[in-house]
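Chemist: here you go, sequence then predicted model.
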Amino acid sequence: MGSTGRNVERPVGVRSARLLGVRIMTHEVVAQLIYLEGRRVSVAFADGSRLDDCELVSTGHHGASTLWLYANGADVFAAPEQVIEIWEVPPGSTT
């Protein structure tokens with residue numbers, strides 16, 4: 001990924017949803033992941049792409065409609081419904 005960052009902007013849903021048969025996260029589910037803020041995470045997106053070993057800056061629980069990630073020297077903003085999974089990267093590991 002280049003230094004331009006990545007925007008995955010879509011309207012934010014508030015109910016459980018499915019996209020192409022894949023369960024996706026709602027804004028409420030993502031907001032429950034506050035404990036991962038400031039930690040290294042990997043993120044899988046509904047389009048099949050991933051961001052590995054990035055920092056979760058904010059889950060958007062302060063009124064923002066997107067997750068804020070920091071990856072490869074750039075800010076990345078993603079709508080919750082585009083995220084299918086977020087997991088913490090174990091300390092000292094490389095993905």
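Modeler: Alright, I've got the coordinates. Numbers count the residues shown, from 1 in each chain.

Chemist: other residues contacting the longest strand belonging to the chain?
Modeler: When the chain is parsed with DSSP state E, its longest strand is strand 50-58. Strand 50-58 is contacted by residues 1, 6, 33, 36-45, 64, 67-72, 75-76, 86, 89, 94-95 when judged by Cβ atoms under 8 Å, 6 or more residues apart in numbering. Placement of C-beta: from N, CA and C, glycine included.

Chemist: go again using 6 Å as the cut-off
Modeler: With contact meaning Cβ atoms under 6 Å, 6 or more residues apart in numbering, strand 50-58 is reached by 36-37, 40-44, 68-71, 89, 95.

Chemist: mind listing the strands it pairs with, and their directions?
Modeler: Using DSSP bridges, the strands paired with strand 50-58 are strand 40-45 (antiparallel), strand 67-71 (antiparallel).

Chemist: which one of those strands lies closest to Pro80?
Modeler: Closest to Pro80 of these, according to Cβ to Cβ: strand 67-71, at 6.5 Å.

Chemist: just the buried residues of that closest one, please?
Modeler: Applying a neighbour-count criterion of 16 or more other Cβ atoms under 10 Å, one finds 67-69, 71 buried in strand 67-71.

Chemist: try stretch 38-58
Modeler: 40-46, 51, 54-56.

Chemist: and that stretch, average pLDDT?
Modeler: Averaged over stretch 38-58, pLDDT sits at 93.

Chemist: cool, and stretch 83-95?
Modeler: Averaged over stretch 83-95, pLDDT sits at 81.

Chemist: CA atoms only: put that stretch into PDB for me.
Modeler: The C-alpha trace of stretch 83-95 is given here as PDB (Å, rounded to 0.1, in the frame of the first residue of the first chain):
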ATOM      1  CA  VAL A  83     -14.900  -5.000   8.300                       C
ATOM      2  CA  ILE A  84     -15.500  -8.700   8.800                       C
ATOM      3  CA  GLU A  85     -12.900  -9.400  11.500                       C
ATOM      4  CA  ILE A  86     -10.400  -7.600  13.800                       C
ATOM      5  CA  TRP A  87      -7.800  -9.400  15.900                       C
ATOM      6  CA  GLU A  88      -4.900  -8.400  18.000                       C
ATOM      7  CA  VAL A  89      -1.400  -9.200  16.800                       C
ATOM      8  CA  PRO A  90       0.500 -10.900  19.500                       C
ATOM      9  CA  PRO A  91       3.500  -8.800  20.800                       C
ATOM     10  CA  GLY A  92       6.700  -9.600  19.100                       C
ATOM     11  CA  SER A  93       5.100 -11.500  16.200                       C
ATOM     12  CA  THR A  94       5.300 -10.500  12.500                       C
ATOM     13  CA  THR A  95       2.300 -11.200  10.200                       C
END
